[in-house]
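Q: how would this look folded up:
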Amino acid sequence: MNYFNQFIIPVAGLKPGSHQIDLEIDDTFFEHFEYSEIRNGLVNVHLDAEKEETMVVFNFDFEGHVRIPCDRCYEPFDLDIRGNERLILKFGSDFHEESEDVQVVPVGENHFDISSFIYEYIILALPARRVHPENESGENLCNAEVIRLLNENAGPAETDPRWEKLAQLKKKKL
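A: Below you'll find the model as predicted:
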């Protein structure tokens with residue numbers, strides 16, 4: 001069986017009402033996305049699909065961890081993630097995207113692949129700054145050798161002369 005078949009929802013075969021689907025995202029999932037910075041992880045996704053006559057409302061709740069490189073030392077570390085997202089699938093005359101959370105598919109469409117949406121939601125759950133967490137004593141867990149090399153090779157910090165001019169103006173007003 002193809003691993004990605006579990007992400008194809010048979011929308012034509014869904015009866016009206018609520019349908020619960022639980023998925024486990026693992027390394028196989030992340031390896032499928034060629035340029036992803038995530039290569040490993042384990043994320044549990046709970047999907048509530050509410051089928052109505054002209055649409056299906058998907059509510060995604062996910063929680064788990066992914067292995068990503070640290071922005072500071074580039075060593076991989078596990079980052080806990082969680083989130084919830086909503087996607088509305090409307091039935092219309094052709095394929096198009098009405099908004100970031102509303103997709104339109106032709107009325108006769110039998111299946112809908114949610115894998116790319118799950119991937120996008122996981123990526124959006126990542127923080128902008130991704131660094132190793134601190135341990136119990138407040139020490140950063142980054143690779144100490146990399147941090148030492150970065151500090152050794154950092155040039156002198158240059159101060160923007162505009163800040164000095166602003167400081168002089170501030171002193172004059174006081």
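
Q: Let me see the ranges of the strands in this structure.
A: For the chain, the strands defined by DSSP state E cover 8-9, 17-25, 40-51, 55-69, 76-92, 96-99, 102-106, 112-113.

Q: Identify all contacting residues around the first one.
A: With contacts defined as C-beta atoms under 8 Å, 6 or more residues apart in numbering, strand 8-9 is touched by I21, A49, V56, F58, H111, F112, D113, I114. In short, each C-beta sits where N, CA and C put it, glycine included.

Q: re the thing from before, and the strands of the chain as JSON lines, adding mean neighbour count?
A: Shown next, in JSON lines, are the strands of the chain (neighbours: other C-beta atoms under 10 Å):
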{"stretch": "strand 8-9", "mean neighbour count": "18"}
{"stretch": "strand 17-25", "mean neighbour count": "13"}
{"stretch": "strand 40-51", "mean neighbour count": "17"}
{"stretch": "strand 55-69", "mean neighbour count": "18"}
{"stretch": "strand 76-92", "mean neighbour count": "16"}
{"stretch": "strand 96-99", "mean neighbour count": "10"}
{"stretch": "strand 102-106", "mean neighbour count": "16"}
{"stretch": "strand 112-113", "mean neighbour count": "16"}
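
Q: Make TSV out of those and add distance to F33 and mean pLDDT.
A: Converted to TSV, the strands of the chain look like this (distance: least, C-beta to C-beta, whole Å; pLDDT from 0 to 100):
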stretch	distance to F33	mean pLDDT
strand 8-9	17	92
strand 17-25	11	95
strand 40-51	11	96
strand 55-69	12	96
strand 76-92	16	94
strand 96-99	19	85
strand 102-106	19	90
strand 112-113	13	93
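
Q: JSON lines for those strands, including distance to V131?
A: Converted to JSON lines, those look like this (distance: least, C-beta to C-beta, whole Å):
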{"stretch": "strand 8-9", "distance to V131": "37"}
{"stretch": "strand 17-25", "distance to V131": "23"}
{"stretch": "strand 40-51", "distance to V131": "18"}
{"stretch": "strand 55-69", "distance to V131": "10"}
{"stretch": "strand 76-92", "distance to V131": "8"}
{"stretch": "strand 96-99", "distance to V131": "33"}
{"stretch": "strand 102-106", "distance to V131": "35"}
{"stretch": "strand 112-113", "distance to V131": "34"}
